[in-house]
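**Student:** Just a sequence and a predicted model for now, questions to come.
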Amino acid sequence: MRVQTPRLELRCIDDELGERLADLAARGIHDPATMPFALPWTDVEPPQLQRNTVQFYWHCRATWSPEEWHLPMAVLVDGEVVGSTGLTATSFPVLREFETGSWLGRAHQGRGIGTEMRRATLHLGFAGLGALAARTGAFTDNPASLGVTRRLGYEPVGRRSRVRRGEPAETLEFRMTRERWEATVRRDDVVLHGVEPCLELFGLDG
């Protein structure tokens, strides 16, 4: 299963892509003084960081069910792995809602890739899987992620307190409906490959 845009491609993560993503993460995702993730997985030193990263991808495969799944995908630009994006859902066949999350290697930030990969992720969820809504969130001190979310026109739905590095931190929460995506975000140059044969894994009819 793949998603293609004129600028990048999303691919399901096999072992080879998992290793490339692990090495990319070890080279740095963010300033160590900050933490954009609720689970501070990037605080771990190499080579344990690489081991944990690959094991996470294995875990996503091993625990998959139509009722609860996490689909991480590698983001490639001209064949180079630049980051990862993911869709997560619980009770998707009933609720038809998913949540997104992503990261980019530091060398690839500030080039508009984050916005393009979010568009591709939303296209997979809405056009490929028939979702009715998408959710996302970010800490209030993560302007890059919040900028992508606001640029694409998500609707703010509230705030949430979470524990980050043992301290309370606040996130801003957002939601996008299928109707809003169709009207303001959808593009005709995003192409899906191999989605239909996978629909049963999401509890959907082909």
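**Tutor:** The structure has been received and is ready for your questions. Please read these numbers as outputs of a predicted model, since none were measured by experiment.
**Student:** rest of the way, CA atoms for contacts and neighbours
**Tutor:** Noted.
**Student:** can you list contacts of the longest helix anywhere in the chain?
**Tutor:** Longest helix of the chain, by residue count under DSSP state H: helix 48-62. With CA atoms under 8 Å, 6 or more residues apart in numbering as the test, helix 48-62 has contacts from 13, 15, 18-19, 21-23, 25-26, 41-42, 69-72.
**Student:** mind running it again at 7 Å?
**Tutor:** The list of residues contacting helix 48-62 from outside it, by CA atoms under 7 Å, 6 or more residues apart in numbering, reads 18-19, 22-23, 26, 42, 70.
**Student:** try stretch 30-47
**Tutor:** Residues from elsewhere that reach stretch 30-47 (CA under 7 Å, 6+ apart): 26, 49, 106, 139, 142, 163-165.
**Student:** tell me which of those is nearest to T149?
**Tutor:** Distances from T149 to these, taken as CA to CA, are shortest for N142 (11.1 Å).
**Student:** Not counting residues beside it along the chain, what's closest to that closest one?
**Tutor:** P36 (6.3 Å; CA to CA, 6 or more residues apart in numbering).
**Student:** Also S84?
**Tutor:** A74 is the one closest to S84 (CA to CA, 6+ apart), at 4.6 Å.
**Student:** Name the next helix or strand downstream of the helix or strand hosting the one you found, please.
**Tutor:** Using DSSP states H and E, A74 sits within strand 68-77. Downstream of strand 68-77, the first helix or strand assigned by DSSP H and E is strand 80-90.
**Student:** Pull the residues that contact the next helix or strand after that next one.
**Tutor:** Note on strand 80-90: by DSSP H and E, the next helix or strand toward the C-terminus is helix 92-95. Helix 92-95 is contacted from outside by 67, 203-204, using CA under 7 Å, 6+ apart.
**Student:** ok so, going back, of the contacts of helix 48-62, which is the most crowded?
**Tutor:** Counting neighbours by other CA atoms under 10 Å, the top entry in those is G18, with 25 neighbours.
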